[in-house]
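> Quick one, what's the 3D model for this:
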Amino acid sequence: MTTLAQIEDILDDGGVCVLPTETIYGIAGRAHDQDAIDRIYEIKGRVFTKPLAVCIGSIAAAEKFAEFNDIARQLADTFWPGSLSLVLPATDILLDPRCYGQHGTTISLRFPDIEWTDTLLKTPLALTSANRAGEPESATANTTINARVDAVLDSGPCENGAPSTILSVTGKGVKLLRQGALPISVLKQIDMNWL
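Numbering: from 1, shown residues only. Model (predicted):
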């Protein structure tokens with residue numbers, strides 16, 4: 001079995017790994033590493049016009065890459081770490097350009113609620129579901145792409161088995177881009193009138 005320390009070394013050396021999250025398993029590489037990003041797209045068969053999400057290990061880290069308005073800040077304070085991805089205005093192009101959407105103006109950030117974040121998120125990871133494009137996501141480490149990655153971190157079945165919920169907070173309002181593991185009913189429980 002591959003250890004967390006081995007996974008860290010592989011990622012830092014430009015490798016690509018399958019990792020668990022609390023939602024589903026993902027394929028990950030360092031978000032600044034062009035070769036790792038190339039491999040993620042090639043392994044998934046993903047179109048290059050579809051940007052990759054970026055995993056960070058704290059709100060402070062997220063602030064290096066995105067602008068947070070009051071709504072975004074409240075969402076992050078309430079639901080991070082957790083199964084919420086936020087699409088936010090990007091500050092600068094500090095990572096591989098394929099981690100940005102809308103011609104480099106937005107970035108999708110996620111802070112997973114999983115024990116490896118302290119070790120692996122010292123620098124950001126690009127992460128997307130560990131499956132070929134068009135295939136179902138996997139809640140176990142037995143994915144269809146395992147033979148094509150450098151290592152797999154198997155921590156058993158994922159807690160939720162559904163991808164993260166994605167909200168766009170790029171203007172004054174909030175737009176639901178994907179209903180996932182975090183239900184809208186939970187989002188509505190906080191003191192907001194935007195949903």
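> mind showing which ranges of this protein have poor pLDDT?
Applying pLDDT under 70 to the chain flags residues 190-195.
> got the buried residues for stretch 161-168?
Of all the residues in stretch 161-168, those buried under the rule 16 or more other Cβ atoms under 10 Å are 162, 163, 164, 165, 166, 167, 168. C-beta coordinates here come from the backbone N, C-alpha and C atoms, glycine included.
> for those residues, which one is nearest residue 144?
residue 163 (16.0 Å; Cβ to Cβ).
> show me what contacts that closest one?
23, 24, 129, 137, 178, 180, 181 (Cβ atoms under 8 Å, 6 or more residues apart in numbering).
> For the third one, which non-adjacent residue is spatially closest?
Okay, so that is residue 129. residue 137 (4.4 Å; Cβ to Cβ, 6 or more residues apart in numbering).
> For the chain, just list every one of the helices.
Along the chain, counting by DSSP state H, helices occupy 4-12, 34-44, 59-62, 70-79, 117-120, 184-187.
> Which stretch among those helices approaches residue 53 most closely?
helix 34-44 (11.0 Å).
> Show me what counts as buried in the closest one.
36, 37, 39, 40, 41, 43, 44.
> how far away is the nearest residue to residue 75 once chain neighbours are set aside from residue 137?
In space, and not counting its chain neighbours, residue 75 is closest to residue 86: 6.2 Å by Cβ to Cβ, 6+ apart. Distance of residue 86 to residue 137, computed by Cβ to Cβ, to the nearest Å: 20 Å.
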